[in-house]
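Participant: sequence and predicted structure below; questions after.
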Amino acid sequence: MRPIGIEGLNAYCGLAYVPVRDLFEGRGLDPDRVGNLMADHRSVLLPWEDPVTNAVNAAKPLVDALGEDAARIELLVTSTESGVDFSKSVASYAHRYLGLSPRCRIMEVKAACYGTTGMLQLAAGYLAGQADPGAKALVIGTDISPMDERARYAEPTMGNGAVAVLVSDEPRVLSLDGPSGLHSFEVMDTARPAPDLDFVNPDRSLLSYLECLTASYRDYLRQAPETDFTTSFDHLVMHTPFPGMVKAAHRKLMRDIAPAAPAVVEADFARRVVPSLTYARTVGNLCSGSIYLALASLVDHGSDVEGARVGLYSYGSGCASEFFSGTLAPGAREALAAMGIGERVRARRELTFAEYEKLLPAAVSCLVPQQYRSVDLSDCDAFLAPLRSHGPALVLTGVEDFHRVYAWR
């Protein structure tokens, strides 16, 4: 069988951020709990951004780099908790503005933070069964957060952006190994019962995440019994609601699978997990794109990554989970460096808490259906200016008879 995996990977992490400590202070939250998050900043949605712009701005550099081979993209999937319509897919807008071939399956999936991984695996199976080598799939995890003060301690953890994953039989970033451990069940840990309302049960979500980690890893062992958790994986990448949760998850899995002294567990976390958390610390939770932002962080910041074997854990509230593995390709760091993720993250503008609060109503109402809406773009170019060297960006200009309208700036 041909190797299948990730050919290209890119992240769009927004244009602005607010420091987490400022958010804690502005909301009157307990400052002693800031350290538990292990987070410094979170990306903030601007009025001309939405799930469509995030998706397109993440995927466009990958599509552009393909040149004429972009016509080989036969499957486009957007994974999101932030659908802009109950029927019309975010992928339909992305397909248009990415200029993809009409010979393309397009769809949107919803599985909370698991959706991108689920579609990565289904896309890999689809490509492996193709008679014609060279077909590609593009999976985009894209989300915004309508969380405000009602979310309490969850608000500072959320981010804004998207991660695009190009899947093919030329895995220049990560080759998939094959085994996948699965564990799913129904639980109400987080939900979005209305477009402008996120429900979060933090304790239940934490416990579900941890239960699924151990259970999905044990299912992985059922398929690959020779696996040794401490030696079989050079690095670990996990869905990152916030980095402190990943630290707790690593500690629990070590306790369940490979008990060791606290100092050994801490050293293992620093060596195998911390490099994957660099972007999450300054961007926040990108929902189903989160695990692939962590993968990008590992490639950009880890040591001895090329040729390294990686264990990956994906979790989505509601809930679904998967533990799988892959091998980073020679040249993975160079391939990812061409995307300039770190440079674009550093170019975001810092907002004060007062500026954040002023922008928040637009974020909260972003997904609420409106027949007509105009977007004030007077500040748009100032936010985009630091990123001009990376090419134009898609922005939301308004809504006309419920149809979202976009333009390149």
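Facilitator: Now that the structure is in, tell me what you want to look at. These figures come from a predicted structure and were not determined experimentally.
Participant: surely Ala407 is within a strand?
Facilitator: Yes - the assignment for Ala407 is a strand, going by DSSP: H, G, I helix; E, B strand; the rest coil.
Participant: direction included, what does the longest strand anywhere in the chain pair up with?
Facilitator: As assigned by DSSP state E, the longest strand anywhere in the chain is strand 174-184. Strand 174-184 has the following strand partners under DSSP bridges: strand 5-12 (antiparallel), strand 320-328 (antiparallel).
Participant: name the nearest residue to Ser303, ignoring sequence neighbours.
Facilitator: Nearest non-adjacent residue to Ser303, counting by CB to CB, 6 or more residues apart in numbering: Pro275, 7.4 Å away. Placement of C-beta: from N, CA and C, glycine included.
Participant: quick revisit: including mean neighbour count, could the strands paired with strand 174-184 go into JSON lines?
Facilitator: JSON lines is the format used below for those (neighbours: other CB atoms under 10 Å):
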{"stretch": "strand 5-12", "mean neighbour count": "26"}
{"stretch": "strand 320-328", "mean neighbour count": "24"}
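Participant: closest one to Cys380 among those?
Facilitator: Smallest distance to Cys380 across the strands paired with strand 174-184 (CB to CB): 15.4 Å, for strand 5-12.
Participant: how many neighbours does Asp32 have?
Facilitator: 8 (other CB atoms under 10 Å).
Participant: tell me the secondary structure at it.
Facilitator: Quick answer, by three-state DSSP: Asp32 is helix.
Participant: what does Glu357 give?
Facilitator: Applying three-state DSSP: Glu357 is helix.
Participant: pLDDT at the nearest residue to Glu400 once chain neighbours are set aside, what is it?
Facilitator: Leaving aside its chain neighbours, Glu400 sits nearest to Tyr372 (6.4 Å; criterion: CB to CB, 6+ apart). pLDDT, Tyr372: 97.
Participant: contacting residues around Tyr372?
Facilitator: 398-401 (CB atoms under 8 Å, 6 or more residues apart in numbering).
Participant: how near is the residue nearest to Ser303 to Leu98?
Facilitator: 30 Å (CB to CB, to the nearest Å).
Participant: same question, Val375
Facilitator: From Val375 to Leu98 the distance is 21 Å (CB to CB).
Participant: how about residues contacting the lowest-mean-pLDDT helix or strand in the chain?
Facilitator: Every helix and strand in the chain was compared by mean pLDDT, DSSP states H and E; the lowest is strand 197-200, with a mean of 90. Here strand 197-200 makes contact (CB under 8 Å, 6+ apart) with 145-147, 150-151, 154, 188-193.
Participant: same check on stretch 103-111?
Facilitator: 71, 73-81, 83, 89-92, 94-95, 115, 118-119, 288, 316, 318, 320.
Participant: try stretch 314-322
Facilitator: In contact with stretch 314-322 (CB under 8 Å, 6+ apart) are residues 111-118, 121, 180-191, 205, 208-209, 212-213, 215-216, 238-239, 288, 291, 313, 323-324.
Participant: out of the residues you listed, which are buried?
Facilitator: 111-118, 121, 180-184, 187, 189-190, 205, 208-209, 212-213, 215-216, 238-239, 288, 291, 313, 323-324 (16 or more other CB atoms under 10 Å).
Participant: okay, and which of the residues you listed map to strands?
Facilitator: Going by DSSP E, the strands hold 180-184, 190, 238, 313, 323-324 from the buried ones among the contacts of stretch 314-322.
Participant: so which of those residues is the closest to Asp50?
Facilitator: Thr190 (20.5 Å).
Participant: how near is the closest residue to the closest one other than its chain neighbours to Asn36?
Facilitator: Nearest non-adjacent residue to Thr190, counting by CB to CB, 6+ apart: Ser317, 4.1 Å away. From Ser317 over to Asn36 the distance is 19 Å, taken as CB to CB.
Participant: quick one: buried residues of whichever strand or helix holds Leu253?
Facilitator: Using DSSP states H and E, Leu253 falls within helix 243-257. Residues 243-247, 249-251, 253-254, 257 are the ones in helix 243-257 that count as buried (16+ other CB under 10 Å).
Participant: in TSV: those, plus distance to Asp198.
Facilitator: Formatted as TSV, the buried residues of helix 243-257 follow (distance: CB to CB, whole Å):
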residue	distance to Asp198
Pro243	20
Gly244	19
Met245	17
Val246	21
Lys247	24
Ala249	22
His250	26
Arg251	27
Leu253	27
Met254	31
Ile257	32
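Participant: which of these sits closest to Pro171?
Facilitator: Taking these together and measuring to Pro171 by CB to CB, the closest member is Val246, at 24.7 Å.
Participant: show me the contacts for that closest one.
Facilitator: So Val246 contacts 238, 240, 273, 276-277, 280 (CB under 8 Å, 6+ apart).
Participant: apply 6 Å and report the result again.
Facilitator: 238, 240 (CB atoms under 6 Å, 6 or more residues apart in numbering).
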